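Trainee: Sharing a model that was predicted from the sequence below.
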Amino acid sequence: MPRLAPRERNAAELCGQIVRPAVATPGSAAGKYPTGNTGRTRAGLTTPMPVPADLAALPTSAGAPLET
């Protein structure tokens, strides 16, 4: 996402991507991350999003069920 923002000339996205790691890293380390969140600034840091069926099958096929 940080590489996509400049290509789209989206300053808000770029600023959000600079801030996101500082906030999201501790949350991920604590296991408090939202399932399916794409990481775009349009989606809040704690907003869960639906996972497409084809992608949801990947962790299950690897033996790790998707937590919702």
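Mentor: On my side now, so go ahead.
Trainee: Show me where this structure has its strands.
Mentor: Along the chain, no stretch is classed among the strands by DSSP state E.
Trainee: how many other residues sit next to R7?
Mentor: Neighbouring residues of R7 were enumerated by other C-beta atoms under 10 Å; the total is 7. Yep, even glycine has a C-beta here, placed from its N, CA and C like the rest.
Trainee: Just the buried positions in the longest helix anywhere in the chain, please.
Mentor: Of all the segments assigned as helix in the chain under DSSP state H, the longest by residue count is helix 11-29. Of the residues in helix 11-29, those scored as buried under the neighbour-count criterion (16 or more other C-beta atoms under 10 Å) are 13-14, 16-17, 20, 24.
Trainee: which secondary structure elements does that helix contact?
Mentor: helix 4-8 (3 or more C-beta pairs under 8 Å, 6 or more residues apart in numbering; DSSP states H and E).
Trainee: What residues sit buried inside the helix it packs on?
Mentor: When neighbours are counted by 16+ other C-beta under 10 Å, the buried residues of helix 4-8 are found to be A5.
Trainee: tell me the mean pLDDT over it?
Mentor: Mean pLDDT, computed over helix 4-8, is 80.
Trainee: That one: how far from the chain's middle?
Mentor: Relative to the centre of its chain, helix 4-8 is centred 17 Å away, using C-alpha atoms, centre = their mean, to the nearest Å.
Trainee: Please enumerate residues in contact with it?
Mentor: Contacts with helix 4-8, where a contact means C-beta atoms under 8 Å, 6 or more residues apart in numbering, come from 11, 13-14, 17.
Trainee: Take these and lay them out in JSON lines including distance to P34 and pLDDT.
Mentor: Formatted as JSON lines, the contacts of helix 4-8 follow (distance: C-beta to C-beta, whole Å; pLDDT from 0 to 100):
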{"residue": "A11", "distance to P34": "25", "pLDDT": "85"}
{"residue": "E13", "distance to P34": "18", "pLDDT": "80"}
{"residue": "L14", "distance to P34": "22", "pLDDT": "83"}
{"residue": "Q17", "distance to P34": "17", "pLDDT": "78"}
